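In: have a look; sequence and predicted model below, questions after that.
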Amino acid sequence: MKMGLYENMRTETVGRLALRDPVVVQENATIRDAVTAMRKNKLGCAIVLDRNRVPQGLFPESELTQLLSKNSAVVNEPISKHLKKDWPTVKITDPIARVLDALESRNVRFLIVVNEDGQLAGLTGQKGLMEYVAEHFPGQVNVQRIGGNPYPVDREGA
């Protein structure tokens, strides 16, 4: 019996999603250092870990925008002063539905994924969830990967 998307999201785990490698910076890194790493890796956030690889907080690009609107010199401050310490996390063994719930309830784009010991396993979020949905409906959803060919390989229709 083939399960539907809703049932799959309740039974399949976050580990089934394509996790992204996060940008990890040291606690004493400046905001400028973090932004440079974020741009290099084309990712909209950076994470600070403790020595056991447990996430201490996340610095999203939305925070950068707010900070810059008040004071452009903030880029020389330590990132640790501006981390979002209550950023939502999900365990790699949690159901995928928990990702959707966290994205909606916290109005964020990224989620920190941790293993059973609370150590960083990766990032997921809107993009990972959309790729998962597209996998279930390949004929109905056309996901264009960055850097891919924007035109269909085969003509559709008559």
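Out: That came in fine, so what should we check first? Quick caveat: nothing in here was measured; it's all calculated off a predicted structure.
In: tell me which residue is most central in the protein.
Out: residue 110 (3.2 Å; C-alpha atoms, centre = their mean).
In: I'd say that one and residue 128 touch.
Out: No. Here residue 110 does not reach residue 128: they are 9.3 Å apart, not a contact under C-beta atoms under 8 Å. C-beta: built from backbone N, CA, C; applies to glycine.
In: in the protein, which spans are helices?
Out: When secondary structure is read from DSSP state H, the chain shows helices at 5-11, 31-40, 61-70, 96-106, 126-136.
In: out of those helices, nearest to residue 19?
Out: helix 126-136 (6.9 Å; C-beta to C-beta).
In: any chance of the helices of the chain in JSON lines, with mean neighbour count, distance to residue 120 and mean pLDDT too?
Out: Rendered in JSON lines, the data for the helices of the chain read as follows (neighbours: other C-beta atoms under 10 Å; distance: least, C-beta to C-beta, whole Å; pLDDT from 0 to 100):
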{"stretch": "helix 5-11", "mean neighbour count": "14", "distance to residue 120": "23", "mean pLDDT": "86"}
{"stretch": "helix 31-40", "mean neighbour count": "17", "distance to residue 120": "15", "mean pLDDT": "96"}
{"stretch": "helix 61-70", "mean neighbour count": "14", "distance to residue 120": "19", "mean pLDDT": "91"}
{"stretch": "helix 96-106", "mean neighbour count": "16", "distance to residue 120": "16", "mean pLDDT": "94"}
{"stretch": "helix 126-136", "mean neighbour count": "16", "distance to residue 120": "15", "mean pLDDT": "86"}
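In: can I get those helices in a markdown table with distance to residue 90?
Out: Compiled in a markdown table, the helices of the chain are given as follows (distance: least, C-beta to C-beta, whole Å):
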| stretch | distance to residue 90 |
| --- | --- |
| helix 5-11 | 13 |
| helix 31-40 | 21 |
| helix 61-70 | 20 |
| helix 96-106 | 5 |
| helix 126-136 | 11 |
